[in-house]
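Q: heads up, no residue letters with this:
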């Protein structure tokens with residue numbers, strides 16, 4: 001905490017709100033010991049240098065998918081960050097949209113038909129489980145196999161079980177009205193995201209932050225980098241790592 005550049009007004013303003021945030025004991029201790037952070041930098045806290053999960057983005061708010069921008073809580077918490085990156089990402093998204101052609105719907109006919117047919121199957125089934133049952137099965141699977149304590153054995157078993165739940169959801173989930181159809185599609189999306197989470201957790205063979213591996217209980221300095229994404233290539237998961245920004 002280096003306050004050497006603060007004016008007297010800013011310094012006292014800071015002390016006032018340190019008290020408001022519950023740091024009165026620190027303020028009183030510095031006053032009692034004659035510590036003036038305007039003259040002497042103080043080690044206020046130690047922070048673990050770690051990579052946090054979330055959507056990867058650059059200074060323009062761009063993600064690894066062209067045309068997709070991130071802002072707000074999707075990239076970092078706090079209202080100030082949301083306001084700043086909402087503006088930055090919005091401006092760059094507008095600029096990007098001017099450089100590309102509108103999507104050719106004919107090229108997307110196969111994807112559109114797949115979603116259309118899937119929605120029809122969900123709505124036309126007469127028997128089967130509803131979205132709540134599959135959502136519960138998903139939550140229990142992730143809690144049991146990809147919870148606080150993780151290992152290769154748990155994650156690999158969890159992936160196989162999750163894929164069975166996913167297969168069953170596609171073949172037996174029922175949407176009895178349009179509202180349930182939305183929830184069913186949401187569960188299918190959550191199943192995809194959960195599969196990616198397990199694959200990513202198994203790829204990071206170390207313990208760091210809230211990611212605890214019983215089979216790799218220590219942080220690995222060789223993994224001081226970001227697991228950028230997991231994507232599918234030729235039917236198999238492919239990962240990409242990237243060094244953390246300086």
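A: Everything's here; your move. What you see is a predicted model, and the numbers here were worked out from it, not measured in a lab. Numbers count the residues shown, from 1 in each chain.
Q: Using the three-state scheme, assign residue 82.
A: Here residue 82 is recorded as helix under DSSP: H, G, I helix; E, B strand; the rest coil.
Q: And the spatially closest residue to it that is not a sequence neighbour, what's its pLDDT?
A: Nearest non-adjacent residue to residue 82, counting by Cβ to Cβ, 6 or more residues apart in numbering: residue 72, 3.8 Å away. Just so you know, the C-beta spots here come from the backbone N, C-alpha and C atoms, and that holds for glycine as well. We have a pLDDT of 75 for residue 72.
Q: Repeat that for residue 64.
A: So residue 64 comes in at 83 (pLDDT).
Q: same check, this time on residue 111
A: 89.
Q: which residues are contacting the one helix or strand it maps to?
A: Here residue 111, judged by DSSP states H and E, is contained in helix 109-124. Under the contact criterion Cβ atoms under 8 Å, 6 or more residues apart in numbering, helix 109-124 has outside partners 105, 170, 173-175, 181, 184-185.
Q: That one: which residues count as buried?
A: Using 16 or more other Cβ atoms under 10 Å as the test for burial, helix 109-124 gives 119, 122.
Q: On the C-terminal side of that helix, identify the next helix or strand.
A: Past helix 109-124, the next helix or strand by DSSP H and E is helix 131-145.
Q: got the angle for that following helix vs helix 109-124?
A: 110 degrees (axes from the mean of the first three to the mean of the last three Cα atoms, to 10 degrees).
Q: Give me the packing partners of helix 131-145, helices and strands only.
A: Applying 3 or more Cβ pairs under 8 Å, 6 or more residues apart in numbering; DSSP states H and E, one finds that helix 131-145 contacts helix 152-172, helix 178-203.
Q: Can you give the domain ranges for this structure?
A: 1-46, 54-100, 105-243 (automatic domain parsing).
Q: Now do the buried residues in the lowest-mean-pLDDT helix or strand in the chain.
A: Every helix and strand of the chain was ranked by mean pLDDT, DSSP states H and E. The lowest is strand 225-233, at a mean of 80. Buried residues in strand 225-233, counted by 16+ other Cβ under 10 Å: 226-227, 229-230.
Q: Direction included, what does that strand pair against?
A: strand 236-243 (antiparallel) (DSSP bridges).
Q: what's in contact with the strand it pairs with?
A: So strand 236-243 is contacted by 56, 199-200, 203, 224-232 (Cβ under 8 Å, 6+ apart).
Q: which of the residues you listed lies closest to residue 214?
A: For the contacts of strand 236-243, the closest approach to residue 214 (Cβ to Cβ) belongs to residue 203, at 16.1 Å.
Q: wait, isn't the closest one in contact with residue 228?
A: No. Assessed by Cβ atoms under 8 Å, residue 203 is found out of contact with residue 228, at 11.0 Å.
Q: And the residue nearest to residue 82, how close does it get to residue 232?
A: In this view, residue 72 and residue 232 are 28 Å apart by Cβ to Cβ, to the nearest Å.
Q: One more: residue 67?
A: 19 Å.
Q: before we move on, what about residue 65?
A: Taken as Cβ to Cβ, the span from residue 65 to residue 232 is 14 Å.
Q: now swap in residue 6 and tell me
A: With Cβ to Cβ as the criterion, residue 6 and residue 232 are 52 Å apart.
Q: what's the answer for residue 152, then?
A: For residue 152, the distance to residue 232 equals 21 Å [Cβ to Cβ].
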